[in-house]
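Asks: With the sequence up front, the predicted model follows.
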Amino acid sequence: MRRLTVSLSLVLVMLVGLFVAWGSGARAQEPFATPGPGEFELIPGQIGRELAGGLTPEPPAGPVYFGLLHITVAPGSVFSGPADDPSVGLNLVESGELTLRLEAAVTVTRATGPEGVAAGTEFTLGPGESFI
């Protein structure tokens, strides 16, 4: 629990620092850009793009740890986790392809929209595609 408290405190300190550095009324001095496909304007001068997202029908009992990982996977490598693992992960393919077979149904987020995948079905993700 202490690690979660320290992590949350650090995030809050960073957010307050960003707010103070930019100020509550930050405005771009010149025209910045127009959001492109899949992008949105947060405020003038700030364009965002959701990299990955999804819903969990019911969050796991706490405490809950959230981490942001970058994992490089060698071609042909295999990972299998325990069937009773309660963790939740947001998985985004940055480059290449990732082929999976999960024991639970998932919804894959593709450029063409969400796609349901049944439990035990093999599926492949490409760059920019994700699932929880």
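Replies: It's in. Numbers count the residues shown, from 1 in each chain.
Asks: So the spatially most central residue of the chain versus Gly120, what's the distance?
Replies: Nearest to the geometric centre of the chain sits Ala52, at 4.2 Å (C-alpha atoms, centre = their mean). Distance of Ala52 to Gly120, computed by C-beta to C-beta, to the nearest Å: 23 Å. In short, each C-beta sits where N, CA and C put it, glycine included.
Asks: What of Leu51?
Replies: Taken as C-beta to C-beta, the span from Leu51 to Gly120 is 28 Å.
Asks: do Leu68 as well
Replies: 29 Å.
Asks: next one: Leu100
Replies: Here Leu100 is placed at a distance of 11 Å from Gly120 (C-beta to C-beta).
Asks: Looking at the two, which is more packed in?
Replies: Leu100 (15 against 10; other C-beta atoms under 10 Å).
Asks: any idea how this structure splits into domains?
Replies: The chain breaks down into these domains under automatic domain parsing: 1-49, 53-58+85-132.
Asks: mean pLDDT lowest for which of those domains?
Replies: Here the domains of the chain differ in mean pLDDT, and the lowest is domain 1-49 at a mean of 56.
Asks: so Ala105 sits right up against Val117, yeah?
Replies: Yes: using C-beta atoms under 8 Å, Ala105 is in contact with Val117, at 6.6 Å.
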